[in-house]
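Peer 1: when you get a sec, could you give me coordinates for this:
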Amino acid sequence: MTIPFFPPDLFEADRPLIHDLVFEAGTTNRFMLKDHVAALEDGFRRATGAADAIAVSSGTFAVLVALKAAGVGPGDEVIVQAYCCQPVASQVIALGATPVFVDVTADTMVMDPARVEERITPRTRAILPAHLFSCLVDMAPLRDIARRHGLVIVEDACVQQGATQDGVAAGRLGDVGTFSFFQVKAMGGCGEGGMIVTDDPEIGRRCRMLRNHGQDGATRFLHHIIGFNSRMDEIMAGFLNHRLARFDDILRSRARIAASYTERLSVLGNRITLPPPGVEGRCYYIYAVQSPDRDALRAFLLDRGIATHIYYPRILPHQRAFAAYADPRDRLDTAIRAARQNLALPIYPHMTDAQADAVVDGVLAFHTRH
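Peer 2: Down below sits the predicted model:
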């Protein structure tokens, strides 16, 4: 049985819808920031409980726009986790600010709040926690730290749409939150797209101007601030409205597969680290395990036709693009270990029970032989 990590048929059932949306946009001259975008923003406000939702062109731009709207600029420092996708650092740098790297926790592989306060300086402006895989950063202690030091929290929830913590939707656990609709995300679109949510009216107002060349949306060619071209198009928004309507079903399907993985793989004990059990309201965008024999396990599964994926095999400050921002004081041992040991198993909503069983059978068979 061949089981791809990124299934090639993610959008096959949506082919007629995509054709209709492209035709509509191409023949009505309603391509950007029109009815579909407004409907998506309204749907996201209702789904998250946020006061405002601002659609943008990508998850990366969502981070950039949110940081700038929150006041991050030249000379500032922003605390980010060392083990993560690159936009958490690159978009800080794009604004003339400096990323300050902190370690992650061993079981979740996300920002360790215990490592944050020691890296705060008079230049620190914001904390940028990123929820990865199927785990959320523990946000309560981060909010306490931010409150004591007068910092803003820009929350990267790009892979945790639909998740909750303490009954609050991911993206609303800080001052402003960001999401990505890249194709393979949990609510992936047929291209690029992103969303920003906030309860702060001033941040929301600035985000709307920043995404559209600094215009206020009422008067064209009147630019209040220097902004970007980060507008979501109507094709993407129309498609995402379709996905949002059935997103709960998507989350349930992913959670069901993840539960079967955890139940069967738990017999391996400490030979492999599974996503922490008993966590409420998570989005299983990725099911990532940690294995000291990661590379051998990956090769074994591939021999059985099972594709896996390694996310972020090298921590950010150990990469050339970010080396200038590395600090010898950084204690990043857990992040380094996560980069060496993480392995994502295939998981997607239309995965069959037979495919899920084959994945687990492969992991168990590897450990039987080793």
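
Peer 1: what's the closest non-adjacent residue to residue 55?
Peer 2: residue 232 (4.0 Å; CB to CB, 6 or more residues apart in numbering). Just so you know, the C-beta spots here come from the backbone N, C-alpha and C atoms, and that holds for glycine as well.

Peer 1: residues near the one you found, how many?
Peer 2: Per other CB atoms under 10 Å, the neighbour tally for residue 232 reads 28.

Peer 1: residue 193 now?
Peer 2: Neighbour number of residue 193 under other CB under 10 Å is 30.

Peer 1: gap between it and residue 164?
Peer 2: 22 Å (CB to CB, to the nearest Å).

Peer 1: for residue 234, give me its contacts.
Peer 2: 21, 24, 25, 30, 31, 32, 33, 34, 35, 36, 37 (CB atoms under 8 Å, 6 or more residues apart in numbering).

Peer 1: as TSV, these with pLDDT and neighbour count would be great.
Peer 2: Listed next are those as TSV, based on pLDDT from 0 to 100; neighbours: other CB atoms under 10 Å:
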residue	pLDDT	neighbour count
21	94	22
24	93	15
25	91	20
30	84	15
31	88	13
32	87	14
33	90	19
34	93	16
35	95	12
36	96	24
37	97	23
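
Peer 1: closest to residue 83 out of the residues you listed?
Peer 2: The nearest member of the contacts of residue 234 to residue 83, counting by CB to CB, is residue 37 at 33.6 Å.

Peer 1: next, residue 101: secondary structure please.
Peer 2: strand (DSSP: H, G, I helix; E, B strand; the rest coil).

Peer 1: can I assume it is in contact with residue 323?
Peer 2: No. Look at residue 101 against residue 323 with CB atoms under 8 Å: they stay out of range, at 11.3 Å.

Peer 1: so what sits against both of these two?
Peer 2: residue 317.

Peer 1: and those two? which has more neighbours close in?
Peer 2: residue 101 (26 against 10).

Peer 1: how near is residue 352 to residue 255?
Peer 2: 16 Å.

Peer 1: for residue 321, same thing?
Peer 2: Relative to residue 255, and taking CB to CB, residue 321 is found at 35 Å.

Peer 1: tell me which of those two has more neighbours.
Peer 2: Neighbour tally, residue 321 and residue 255, criterion other CB under 10 Å: the higher count belongs to residue 255, 17 against 12.

Peer 1: all helices of the stretch 51-200 of the chain, in order?
Peer 2: According to DSSP state H, counting those that start in this stretch, the stretch 51-200 of the chain carries its helices in the segments 59-69, 87-94, 139-149.

Peer 1: dump those helices into CSV; add distance to residue 286, mean neighbour count and mean pLDDT as well.
Peer 2: Converted to CSV, the helices of the stretch 51-200 of the chain look like this (distance: least, CB to CB, whole Å; neighbours: other CB atoms under 10 Å; pLDDT from 0 to 100):
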stretch, distance to residue 286, mean neighbour count, mean pLDDT
helix 59-69, 15, 27, 98
helix 87-94, 16, 22, 97
helix 139-149, 20, 16, 98
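
Peer 1: wait, what's in contact with residue 14?
Peer 2: With CB under 8 Å, 6+ apart, residue 14 has these contacts: 190, 239, 242.

Peer 1: ugh, wrong one, residue 54
Peer 2: 41, 65, 195, 196, 197, 198, 204, 207, 208, 211.

Peer 1: recalculate using a threshold of 10 Å.
Peer 2: Applying CB atoms under 10 Å, 6 or more residues apart in numbering to residue 54 gives the contacts 37, 41, 44, 62, 65-66, 69, 176, 178, 194-198, 203-212, 230, 232.
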